[in-house]
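J.: sequence first, then the predicted structure:
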Amino acid sequence: MPMKANPLKAALAAGRVQIGTWINLIRTPSVLTLLKSAGLDYARIDMEHSSPSMETVADMAALARALDFPILVRPPAGTREWVTRLLDAGVWGLHIPQVDNPDIAREVVQAARYAPLGMRGMAGLGPHSDFERSSDLSSQLRFLNEQVHITVMLESAEAFRHLDGIVGMPGIDAVTLGPSDLAQELGVLGTPDQRRVIDEYRGRMIEAARKHGKDVAMLVPSVDEAKRWIQAGVKIIVYGSDVDILKNGFAAVVQQLR
């Protein structure tokens with residue numbers, strides 16, 4: 001059986017907008033089947049602020065590969081330990097938090113890419129290679145490098161001081177912004193100025209991504225916001241989360257029935 005290709009990377013290369021959602025609560029892998037049946041393109045699993053274990057994510061990664069429905073995982077940190085374990089478990093995409101400078105971005109790439117792009121550890125047969133062994137190892141490693149998708153999160157003023165260095169780092173595929181953490185550091189969290197200020201940073205990020213030929217991911221709370229950012233050139237849309245959609249959906253029904 002040939003090694004599987006990452007559908008997200010192929011779709012983005014073809015210029016197609018990809019629509020997904022955060023998984024913060026639901027830990028059963030079968031939720032991926034539900035999300036795919038709803039028409040979503042991918043799911044983003046949160047390990048930084050949520051409870052899924054490494055074992056849970058490994059089970060989700062196996063089903064994601066079988067369904068051709070990629071998951072992107074945000075680890076607690078972008079360390080070599082987390083990057084290596086998640087990729088070797090078969091995860092196709094990483095969503096790395098707190099990338100504040102080019103040195104951090106470079107370390108992520110070094111851990112996530114095989115030579116010559118990085119120095120990812122050799123795992124042998126495993127979920128990451130669909131348990132296939134190639135007689136041409138260099139071609140296999142090149143193929144595996146091409147399937148990995150890395151998004152880095154810009155969540156601090158320091159990150160924006162190093163914007164070009166981070167976004168332009170070879171081996172980084174996409175960038176996104178952590179709006180709440182950034183707003184907290186800038187002193188505008190919960191104020192009337194928050195949206196205006198954060199949108200200015202979003203604009204700077206989009207311009208830098210355009211300059212360096214990278215994609216942009218954007219978390220949106222509504223269809224109107226999604227359309228707004230798609231028009232601005234964003235190709236990776238993250239619509240809410242399982243928590244948001246479940247609570248808002250049930251709350252709307254209960255409000256009508258009370």
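T.: Done, it's in.

J.: what's the distance between residue 157 and residue 188?
T.: 12 Å (C-beta to C-beta, to the nearest Å). Just so you know, the C-beta spots here come from the backbone N, C-alpha and C atoms, and that holds for glycine as well.

J.: who's more crowded, the two?
T.: Counted by other C-beta atoms under 10 Å, residue 157 and residue 188 do not tie: residue 188 has more neighbours, with 16 against 12.

J.: just the element for residue 83, please.
T.: Secondary-structure element containing residue 83, defined by DSSP states H and E: helix 80-88.

J.: now do the strands in the stretch 51-200 of the chain.
T.: Counting by DSSP state E, counting those that start in this stretch, one finds strands in the stretch 51-200 of the chain at the ranges 71-74, 93-96, 149-154, 174-177.

J.: in TSV: those, plus mean pLDDT, distance to residue 59 and mean neighbour count.
T.: Formatted as TSV, these follow (pLDDT from 0 to 100; distance: least, C-beta to C-beta, whole Å; neighbours: other C-beta atoms under 10 Å):
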stretch	mean pLDDT	distance to residue 59	mean neighbour count
strand 71-74	98	11	26
strand 93-96	98	17	26
strand 149-154	98	20	25
strand 174-177	98	25	24
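
J.: now the ones you listed as a markdown table including distance to residue 1?
T.: What follows is these, written out as a markdown table (distance: least, C-beta to C-beta, whole Å):
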| stretch | distance to residue 1 |
| --- | --- |
| strand 71-74 | 20 |
| strand 93-96 | 22 |
| strand 149-154 | 22 |
| strand 174-177 | 29 |
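
J.: between those strands, which one is nearest to residue 64?
T.: Nearest to residue 64 among the strands of the stretch 51-200 of the chain is strand 71-74 (4.5 Å), distances taken as C-beta to C-beta.

J.: CA atoms only: put the closest one into CSV for me.
T.: C-alpha atoms of strand 71-74 as CSV (Å, rounded to 0.1, in the frame of the first residue of the first chain):
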residue,chain,number,x,y,z
ILE,A,71,-6.0,16.7,11.7
LEU,A,72,-3.7,19.5,12.8
VAL,A,73,-2.6,19.3,16.4
ARG,A,74,-1.6,22.1,18.7
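
J.: and the helix holding residue 83, how far from the chain's centre?
T.: 14 Å (C-alpha atoms, centre = their mean, to the nearest Å).

J.: tell me the mean pLDDT over it?
T.: Averaged over helix 80-88, pLDDT sits at 98.

J.: buried ones in the longest helix seen in the chain?
T.: Taking DSSP state H as the criterion, the chain has its longest helix at helix 194-212. Across helix 194-212, burial judged by 16 or more other C-beta atoms under 10 Å covers 194, 197-198, 201-202, 205-206, 208-209, 212.

J.: what about the residue of the chain positioned farthest from its centre, distance to residue 160?
T.: What lies farthest from the middle of the chain is residue 258; by C-alpha atoms, centre = their mean that is 39.0 Å. Separation of residue 258 from residue 160 (C-beta to C-beta): 46 Å.

J.: ditto for residue 238
T.: 20 Å.

J.: settle it for me: which of those two has more neighbours?
T.: More neighbours surround residue 238 than the other of residue 238 and residue 160, with 23 against 18 (other C-beta under 10 Å).
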